[in-house]
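In: Provide a 3D model corresponding to the input given below.
(chains A and B)
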Amino acid sequence: DVKVTQSSRYLVKRTGEKVFLECVQDMDHENMFWYRQDPGLGLRLIYFSYDVKMKEKGDIPEGYSVSREKKERFSLILESASTNQTSMYLCASSGQGFHYGYTFGSGTRLTVV
Amino acid sequence: RKEVEQDPGPFNVPEGATVAFNCTYSNSASQSFFWYRQDCRKEPKLLMSVYSSGNEDGRFTAQLNRASQYISLLIRDSKLSDSATYLCVVTLSGNTPLVFGKGTRLSVIA
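Out: Below you'll find the model as predicted:
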């Protein structure tokens, strides 16, 4: 069964900490994405990558960075966590051409205190 | 104007009912369309793609009206297990990210 795996289901971090969220896919997909999902706001795109070492800003990149050193791994980094970054973070991947749809990971619920 | 708009619901329907969800999108250049399903506290999962000719998968029928920039999802003979949030999803082309609506919540009641 193909999978997108996010390293943590739940995380609690302190304000100001540097936070790493890891995502690994085993489908040899070119494209990977990070979204956050908040009640009433839906899914919002933070960053995406269509190749190793490539990255593109999504709709809400402020306060985040990403790293894609290997095809299967896409990391989201919160440089200095703040309480307004408390959210559900969802990683997804897709093959060539985004119109094939995404496979999502099970999400990381991050709480910043 | 929001790119993808959906009625948030909730839609509360009895088992066996037929229910329809609608979605409008703002960019007439959009090329690909999908419905995703998201269960409570779970990730979204692809339910079906939406084609111009309309398509059916069991009890689910999806329709696309490009002239009106409108997508619909019809669920016949609703089951308790259909209770979820249904996300309307659009993309401009094969190389632009998917844009998600905020979802329509469905509760099927026994």
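In: low-confidence bits of chain A, can you list those?
Out: Chain A contains residues with pLDDT under 70 at A:1-2, A:97-100.
In: enumerate the residues of chain B near chain A.
Out: Residues of chain B lying close to chain A (C-beta under 8 Å from any C-beta of the partner chain) are B:31-32, B:34, B:42-46, B:49, B:87, B:91, B:93-98, B:100-103. For glycine as for every other residue, the C-beta is placed from the backbone atoms N, C-alpha and C.
In: tell me which of these fall in strands.
Out: B:32, B:34, B:44-46, B:49, B:87, B:91, B:100 (DSSP state E).
In: list only those of those flagged as buried.
Out: Buried subset of those (neighbour count, 16 or more other C-beta atoms under 10 Å in any protein chain shown): B:32, B:34, B:44, B:46, B:49, B:87, B:91, B:100.
In: what about A:Met27, which helix or strand?
Out: Using DSSP states H and E, A:Met27 falls within no helix or strand.
In: that one: how many residues sit nearby?
Out: 13 (other C-beta atoms under 10 Å in any protein chain shown).
In: the one 4 residues further on too?
Out: When neighbours are defined as other C-beta under 10 Å, A:Asn31 has 22 of them.
In: give the contact list for it.
Out: A:Asn31 makes contact with A:48-50, A:93-96, A:98, according to C-beta atoms under 8 Å, 6 or more residues apart in numbering or on different chains.
In: considering those residues, which possesses the most neighbours?
Out: Within the contacts of A:Asn31, neighbour counts (other C-beta under 10 Å) peak at A:Ser93, which reaches 27 neighbours.
In: correct me, but it touches A:Tyr102?
Out: Yes. If you go by C-beta atoms under 8 Å, A:Ser93 and A:Tyr102 touch, sitting 6.8 Å apart.
In: list residues touching both of the two?
Out: Counting by C-beta under 8 Å, 6+ apart, the common neighbours of A:Ser93 and A:Tyr102 are A:Phe33.
In: ok so, going back, could you single out the nearest of the ones in strands among the residues of chain B next to chain A to B:Tyr25?
Out: Checking these against B:Tyr25 with C-beta to C-beta, the nearest one is B:Thr91 at 9.9 Å.
In: who does that closest one bridge with?
Out: Beta bridges link B:Thr91 to B:Ser32, judged by DSSP bridges.
In: do I have it right that it meets B:Leu98?
Out: Yes. Applying C-beta under 8 Å, one finds B:Thr91 in contact with B:Leu98, separated by 4.9 Å.
In: in a strand, A:Asn84, correct?
Out: No. Under DSSP: H, G, I helix; E, B strand; the rest coil, A:Asn84 sits outside any strand and is assigned helix.
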